[in-house]
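> I'll drop the sequence and a predicted model, then ask my questions.
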Amino acid sequence: MEASLAFPLLVAIIATALFFDFLNGLHDAANSIATIVSTRVLRPQYAVLWAAFFNFIAFLFFGLHVAETLGTGIIDPNIVDASVIFSALMGAIVWNIVTWIFGIPSSSSHALVGGLIGAGLAKVGVSSIVWLGVLKTAGAIVMSPLIGFLLALFLVLAVTWLFVRQTPFAVDRTFRIMQFFSASLYSLGHGGNDAQKTMGIIAILLYSQGYGGGSFHVPLWVVLSCQTAMALGTLLGGWRIVHTMGSKITRLNPMQGFCAETGGALTLFAATWLGIPVSTTHTITGAIIGVGAARRVSAVRWGIAGNIVIAWVITLPAAAAMSALCYWSVRLFS
């Protein structure tokens, strides 16, 4: 580990991490608000305020298990230095910008994990990888959308049975109110899982530079800074991706929006409690496909869903490659 990094450079790298967190909020705003906007329960400008508030206060409800996984469970913390962290962040940031420009709801989380893996491999090779953490994260690529899908599908069937004697107007009115709660839960889950990833990155950087007091921990100022950066990113929204998530995959009504958000939120709560850095994008996409499939299989535009899956598959290796290139460039000119 290094302990000689100049303080201004340390601040610059932390600022880069917070910029990534801001982009994460910008990129993943769609996850929190796509359903409530597409069902016209809230106008976009009010929806982002709603989501940003719950993104920010998420740290009050969750521990920091995900931050610990990102900080120490993907690559060996003893090989981490400023170049590794900077390269990991740049790989994730470049991939986020590319997918944001093209409106592709890829995973900011797995872009960051890929960035860490790429930088670790570029520095010392395969021995840098903490395989248990990587396999746990890789498993979540498959399991989080599947669980979101199944929970949302079950919720649609249960709600349909419970409200079978209600008129469509009464059901619509009820779930327009209920969607405020489900959107709040999903925004809490998003802020709780996603902001912790940047917390882990900053905390391991501080530890590698001798600012951790001899042990890995996440200072309160890091927690508040990361939650604020994500909330600000959410405020600006990611409207291209909102359109993809909210209407291109399938059409939603308020009851379906409630089921998708609730199924996704339950998945995120469980993953955050277990310390698994899952993709909020994967989770809500699986849930939206679940509610669409509950209506009829043809209600889901499977071609668009397939394109999103392809983006999921290539995110981790693409971010890893960009990160490795950045690391070699940094070392070449340093």
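Noted; the coordinates are in hand.

> show me the contacts for residue 74.
Applying CB atoms under 8 Å, 6 or more residues apart in numbering, we find residue 74 in contact with 113, 116, 117, 120, 129, 130, 133, 134, 137. Using the backbone N, CA and C atoms, a C-beta is placed for each residue, glycine as well.

> Quick check: pLDDT value at residue 304.
According to the prediction, residue 304 has pLDDT 57.

> Likewise for residue 126?
You'll see residue 126 listed with a pLDDT of 93.

> do you know how far it is from residue 269?
To residue 269, residue 126 is 34 Å away according to CB to CB, to the nearest Å.

> ditto for residue 253
Taken as CB to CB, the span from residue 253 to residue 269 is 25 Å.

> What of residue 42?
Relative to residue 269, residue 42 is positioned 22 Å away (CB to CB).

> next helix or strand past the least confident helix or strand in the chain by mean pLDDT?
Scoring the helices and strands of the chain by mean pLDDT, DSSP states H and E places helix 239-243 at the bottom, with a mean of 54. Per DSSP states H and E, the first helix or strand lying C-terminal to helix 239-243 is helix 254-274.

> tell me the mean pLDDT over that next one?
Across helix 254-274, pLDDT averages out at 91.

> Please save the CA atoms from that helix in CSV.
Extracted C-alpha coordinates of helix 254-274, given in CSV (Å, rounded to 0.1, in the frame of the first residue of the first chain):
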residue,chain,number,x,y,z
PRO,A,254,-50.5,2.0,-11.6
MET,A,255,-51.2,-1.5,-10.2
GLN,A,256,-48.4,-3.0,-12.3
GLY,A,257,-46.1,-0.1,-11.4
PHE,A,258,-46.7,-0.8,-7.7
CYS,A,259,-45.9,-4.5,-8.1
ALA,A,260,-42.8,-3.8,-10.1
GLU,A,261,-41.4,-1.3,-7.6
THR,A,262,-42.3,-3.4,-4.6
GLY,A,263,-40.8,-6.6,-6.0
GLY,A,264,-37.7,-4.7,-6.9
ALA,A,265,-37.5,-3.0,-3.5
LEU,A,266,-37.7,-6.3,-1.6
THR,A,267,-34.9,-7.7,-3.8
LEU,A,268,-32.7,-4.7,-3.1
PHE,A,269,-33.4,-4.7,0.7
ALA,A,270,-32.4,-8.4,0.9
ALA,A,271,-29.2,-7.9,-1.2
THR,A,272,-28.2,-4.8,0.8
TRP,A,273,-28.7,-6.7,4.1
LEU,A,274,-26.5,-9.5,2.7
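
> Show me what counts as buried in that helix.
254-269, 271-272 (16 or more other CB atoms under 10 Å).

> I'd guess residue 211 is in a strand, am I close?
No - using DSSP: H, G, I helix; E, B strand; the rest coil, the assignment for residue 211 is coil, not a strand.

> what sits against residue 84?
Shown in contact with residue 84 (CB under 8 Å, 6+ apart): 75, 116, 119, 120, 123, 327.

> give me the element it is part of.
Going by DSSP H and E, residue 84 is in helix 82-101.

> In that helix, which residues are buried?
Buried-residue list, helix 82-101, by 16+ other CB under 10 Å: 82-96, 99-100.

> ok, residue 65 to residue 188 distance?
Going from residue 65 to residue 188 by CB to CB gives 15 Å.

> for residue 278, that is, sorry about that
According to CB to CB, residue 278 and residue 188 sit 14 Å apart.

> These two: who's more crowded?
Shown here are residue 278 and residue 188; by other CB atoms under 10 Å, residue 278 has more neighbours (30 against 25).

> what's the neighbour count on residue 126?
A count of nearby residues for residue 126, using other CB under 10 Å, gives 8.

> my bad, residue 161
8.
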